[in-house]
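Asker: take a look and give me a structure for this.
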Amino acid sequence: MAQNVATKIFSSIDCGQGAVRAVRYNADGNYCITCGSDKTIKLWNPNKELLIKKYTGHGSDVLDACGSCDNAQLASGGSDKTVIYWDVGSGQIMRRYRGHVGKVNCVQFNEESTTILSGSVDSSIRAWDCRSRKPTPYQIMDEAKDSITSLQVNDHEILSSSVDGKVRRYDIRTGKMFSDFIGSAITYAVYTKDSQCVLASSHDHTIRLLDVDSGEMLGEYTGHKNSKYMIECGLNAKDDHVISGSEDGFIYIWDLIEAKIQHKIKLKENRVVHSISHHPEEVSLLAAMDNSIIVIRSEEFEPKDKT
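Answerer: Residues are numbered from 1 along each chain as shown. Reported below is the predicted structural model:
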C-alpha cells in the first residue's frame with residue numbers, strides 16, 4: 001500500500017509570496033503553480049525546488065490558477081474580481097476578463113483549453129472564450145445561492161461546489177443542470193477518474209463520495225477538521241485513496257472503499273493545510289500551508305526529474 005500513497009515529507013519550499021493561496025500541478029505533473037497573497041503566480045519545478053518564472057498582473061491576492069492541456073497557457077483568478085489568461089513562456093497577459101462582482105475563487109480550462117470557466121463569491125460561474133477578443137463571458141451560470149468554491153470540467157460536464165450546500169453538474173451536451181444537496185457549506189468537489197462519482201468536502205468535518213447518476217452517498221470520510229476554511233480534497237493517481245487537508249495541520253489519507261484513515265501526515269500542528277494537488281500519474285503530493293508548499297512522496301518513490 002505504501003508505494004501507492006505519498007506519506008513522507010521530502011521537502012518544503014518557501015515560495016516568497018506571502019500566504020500561498022493554492023498549489024496546482026500542471027497537466028503532466030512536471031511543474032507546479034503557486035498562487036500568492038502578494039498578487040503573484042509562480043511556476044516551479046518542485047523536484048528541484050527551482051523557481052522557473054514569476055507572473056505579475058493581478059491587483060490583489062491570487063486565489064486559483066490552472067494550466068492549459070498543452071502547458072502553454074495559464075488561467076488565474078483573484079480577489080481583484082478578474083480572470084487573467086497568460087502566455088506561460090513569455091509571462092505576458094493575453095486577455096484580462098472582468099465581469100464578476102466578487103472575488104474569483106476558482107478557475108478551470110475546458111478539455112481543449114479553449115474556454116476558461118471561473119467561479120466567484122458573486123454566486124456565478126462565467127465562461128470566457130480564449131479565442132475571442134470579446135471582454136464579456138459567452139455564458140453565465142447563476143443557479144447557486146452563495147459563493148462558488150470549486151470547479152472541475154470533464155469532456156461533457158462542469159462540476160461546481162457552493163457554500164449553499166449543493167454540488168451542481170452542468171451537462172454541456174444537453175444544457176441541463178443536476179444538483180445534489182448536502183446541507184453544510186461545500187468547500188471542494190472533484191470527480192473520480194472515471195467521472196462516475198464525486199468527492200465533496202464540507203464544513204461539517206466530512207467528505208462524501210456521491211454516485212453521479214443516482215446521487216446516492218457511497219462513502220463518508222471523517223477524522224479531519226474542516227468547519228471554517230476552504231479545505232481541498234482529492235484522490236491519488238490510482239483513485240484508491242482519498243486525501244484532504246485539514247485545519248489541525250495534518251494531511252489525512254483514507255482508503256477509498258473502507259473509508260478508514262490510513263495515514264495522518266503532520267506538517268505543522270494547529271496550522272491550516274488548505275490546498276493540495278496530487279501528481280496525475282506518480283506517487284507525489286503537494287500541499288500549501290502558510291508561505292510554503294510541502295512535497296510529499298512515498299518511501300519507495302523516486303521522481304523522474306530529481307537532479
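Asker: which strand residues bridge Val83?
Answerer: For Val83, the beta-bridge partners under DSSP bridges are Gly77, Tyr97.
Asker: so who does it touch?
Answerer: Val83 makes contact with Ala75, Ser76, Gly77, Arg96, Tyr97, His100, Val104, Val107, Ile116, Ser118, Arg126, Trp128, according to CB atoms under 8 Å, 6 or more residues apart in numbering. Every residue, glycine included, has its C-beta placed from N, CA and C.
Asker: what about the residues you listed, which one has the most neighbours?
Answerer: With neighbours taken as other CB atoms under 10 Å, the top of the contacts of Val83 is Gly77, carrying 31 neighbours.
Asker: distance-wise, check that one relative to Pro137.
Answerer: Distance, Gly77 to Pro137, using CB to CB, to the nearest Å: 13 Å.
Asker: one more: Lys53?
Answerer: As judged by CB to CB, Lys53 and Pro137 stand 28 Å apart.
Asker: same question, Ser161
Answerer: For Ser161, the distance to Pro137 (CB to CB) stands at 20 Å.
Asker: tell me which of the two has more neighbours.
Answerer: A side-by-side neighbour count of Ser161 and Pro137, using other CB under 10 Å, places Ser161 first with 31 against 21.
Asker: mind listing the residues bridging to the more buried one?
Answerer: Beta bridges link Ser161 to Ser150, Val167, judged by DSSP bridges.
Asker: before we move on, what about Thr34?
Answerer: Here Thr34, judged by DSSP bridges, has bridge partners Val23, Lys42.
Asker: can you tell me how far Met66 is from Val23?
Answerer: Heads up, residue 66 is Cys, not Met. 11 Å.
Asker: find residues that contact each of the two.
Answerer: Common neighbours of Cys66 and Val23 (CB under 8 Å, 6+ apart) are Ile33.
Asker: between these two, who's got more neighbours?
Answerer: Counted by other CB under 10 Å, Cys66 and Val23 do not tie: Val23 has more neighbours, with 28 against 24.
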